[in-house]
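> sequence-free structure coming up:
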Ligand SMILES: [Zn+2]
């Protein structure tokens, strides 16, 4: 029985049998790719992007931009494209109808069946996906930085990535993830999308979503899990370092704030586009493919600046809910109330002025000071681990610096072919 993913389509797995690789790649022109593309080659090959079998052709890009659907009618919100320059096309002799060998870090990674070489108006793409064409929007600026031509066609991985320490336990592709869920006996699993080190407000986002997801299910054995799915991709200065994000999220389980019976931490390779509502739709598809039944969506989900309204993502989700196979869980805002003496929600506590909201700036200053905060704000185990990660992986800082960008250990390597 096949595993059904987004759009009711069977989970894609495009990984070549190692015994066939030498014969299939013989004579193909090697074409090096950058990490942005390598991440998405992994996503396509392991089925994170089901039903996509490769990078999109023009008809799909156009249909995604204009109708938020693939040409086969499946809801899809963000173009997945392979960009290339005229010069590269000439230099490598890339031709429609021929295969090329994508290489990363100097080693063979995937066969790319070049079906179509095309152009697409970048401004039009930006407006459709981001609702704006301002270059100040990071998604638009990413779009404008694409090279001028795009290649559509299927991808087959020929060489599995080797995931580096400390990330290896967290790379759990869709088919493997579904197996884990079955082993745990979870009937419902709710996704928590994150790029943060968790303070207690985040912890309660997850706990609240767990309650909401549990709903009417019987409680005599654990049937509901929270999947933390950290987005690992392009970093910007000032972001938390990847090592700190993934390890502290898992620390909440290790230290008993959650347990094996209700919590699992994982990662997905993806560069945030900050597409707000359209990114929420993409997250729904991605997590459906990972086997999740529910997905948390907060205020201004995947937004940036003031481009999107607080509930635009919720509203757009509602328009395609019938076509998604995942139930949205709208997150409450959690805060600390000294009067209640606990973490509570705006919707519960009525101590107005006494309430202390979690602000990014407050948390950042706590981390920067390095003085252990109250355990109702930051779990001591999490806080200690942030500082440890700063020393061990961050060249003294838990936040991304120039030095980190230059010298960090890559999340994965493509090894030489065995
Ligand atoms: Zn209160």
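Sure thing, it's come through. Computed from a predicted structure; not experimentally measured. Numbering: from 1, shown residues only.
> so which residues on the stretch 301-418 of the chain come close to the ion?
Residues of the stretch 301-418 of the chain found near the ion (CB under 5 Å from the ion) are 337, 339-340, 349, 351. Where C-beta positions appear, they are placed from N, C-alpha and C, glycine not excepted.
> format those residues as JSON lines; extra columns: neighbour count, secondary structure and pLDDT.
Formatted as JSON lines, these follow (neighbours: other CB atoms under 10 Å; DSSP: H, G, I helix; E, B strand; the rest coil; pLDDT from 0 to 100):
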{"residue": "337", "neighbour count": "20", "secondary structure": "strand", "pLDDT": "94"}
{"residue": "339", "neighbour count": "13", "secondary structure": "coil", "pLDDT": "96"}
{"residue": "340", "neighbour count": "15", "secondary structure": "coil", "pLDDT": "96"}
{"residue": "349", "neighbour count": "17", "secondary structure": "coil", "pLDDT": "96"}
{"residue": "351", "neighbour count": "12", "secondary structure": "coil", "pLDDT": "97"}
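> and those residues, which two are furthest apart?
Greatest spatial distance among these (CB to CB): 339 and 349, at 7.7 Å.
> so residue 155 makes contact with residue 44?
Yes. Applying CB atoms under 8 Å, one finds residue 155 in contact with residue 44, separated by 4.9 Å.
> any idea of the pLDDT on the nearest residue to residue 241 once chain neighbours are set aside?
Once flanking residues are discounted, residue 241 sits nearest to residue 394: 4.6 Å by CB to CB, 6 or more residues apart in numbering. What the model reports as pLDDT for residue 394 is 97.
> and residue 394, what does it touch?
241, 243-244, 400-401, 404 (CB atoms under 8 Å, 6 or more residues apart in numbering).
> name the residues of the helix ranked longest in the chain that come out as buried.
The single longest helix within the chain, with elements called by DSSP state H, is helix 200-214. For helix 200-214, a neighbour-count test (16 or more other CB atoms under 10 Å) marks 200-210, 212-214 as buried.
> out of those residues, who's nearest residue 327?
Of all the buried residues of helix 200-214, residue 327 sits closest to residue 213, with 8.1 Å by CB to CB.
> in this structure, which spans are helices?
Ranges of helices in the chain, per DSSP H, are 18-25, 35-45, 58-67, 86-92, 122-130, 138-144, 174-184, 200-214, 242-254, 277-289, 312-320, 360-369, 380-392, 402-407.
> show me the one of the ones you listed that comes nearest residue 226.
helix 200-214 (4.9 Å).
> other SSEs contacting that closest one?
The helices and strands touching helix 200-214, judged by 3 or more CB pairs under 8 Å, 6 or more residues apart in numbering; DSSP states H and E, are strand 188-194, strand 224-232, strand 294-297, strand 327-330, strand 334-337, strand 342-345.
> quick one: which of those is nearest residue 267?
Across the helices and strands packed on helix 200-214, closest to residue 267 is strand 224-232 (CB to CB), at 4.8 Å.
> and that closest one, what does it pack onto?
When contacts are defined as 3+ CB pairs under 8 Å, 6+ apart, strand 224-232 sits against helix 174-184, strand 188-194, helix 200-214, helix 242-254, strand 263-269.
> so how far is that strand from its chain's centroid?
How far strand 224-232 lies from its chain's middle: 10 Å, per CA atoms, centre = their mean, to the nearest Å.
> please pull out the lowest mean pLDDT helix or strand from the chain.
When each helix and strand of the chain is scored by mean pLDDT, DSSP states H and E, helix 360-369 comes last, with a mean of 83.
> angle of that helix against helix 380-392?
Counting by axes from the mean of the first three to the mean of the last three CA atoms, to 10 degrees, helix 360-369 lies at 60 degrees to helix 380-392.
> contacts for helix 360-369, please.
Helix 360-369 is contacted by residues 197, 199, 373, 377-378, 383, 386, 398-399 when judged by CB under 8 Å, 6+ apart.
> then stretch 375-391?
197-200, 203, 241, 243-244, 247-248, 251-252, 254-255, 257, 336, 342-343, 358, 363, 366-367, 370, 372-373, 396-398.
> give the residue farthest from the middle of the chain.
Computed with CA atoms, centre = their mean, the maximum C-alpha offset from the centroid of the chain is found at residue 339, amounting to 37.3 Å.
> who's in contact with residue 258?
206, 226, 252.
> let's see it at 7 Å
226, 252 (CB atoms under 7 Å, 6 or more residues apart in numbering).
> state the pLDDT value of it.
Residue 258 is assigned a pLDDT of 98 by the prediction.
> distance of it relative to the ion?
Residue 258 sits 24 Å away from the ion, going by CB to the ion, to the nearest Å.
> relative to residue 222, how far out is that residue?
Relative to residue 222, residue 258 is positioned 11 Å away (CB to CB, to the nearest Å).
> with residue 58 instead?
47 Å.
> quick check: closest non-adjacent residue to whichever residue of the stretch 151-300 of the chain sits closest to the ion.
In the stretch 151-300 of the chain, the residue found nearest to the ion is residue 204; the distance is 13.8 Å by CB to the ion. Excluding the flanking residues, the one nearest residue 204 by CB to CB, 6+ apart is residue 334, at 4.0 Å.
> now do the same contact list for that neighbour.
By CB under 7 Å, 6+ apart, the contact set of residue 334 is 201, 204-205, 208, 343, 345.
> same check on residue 50?
Neighbour list for residue 50: 5-6, 9, 11-12, 289 [criterion: CB under 7 Å, 6+ apart].
> between all of these, which two are separated the most?
Maximum distance among these (CB to CB): 10.0 Å, for 6 and 12.
> which residues do the two both contact?
With CB under 7 Å, 6+ apart as the test, residue 6 and residue 12 both reach 50-51.
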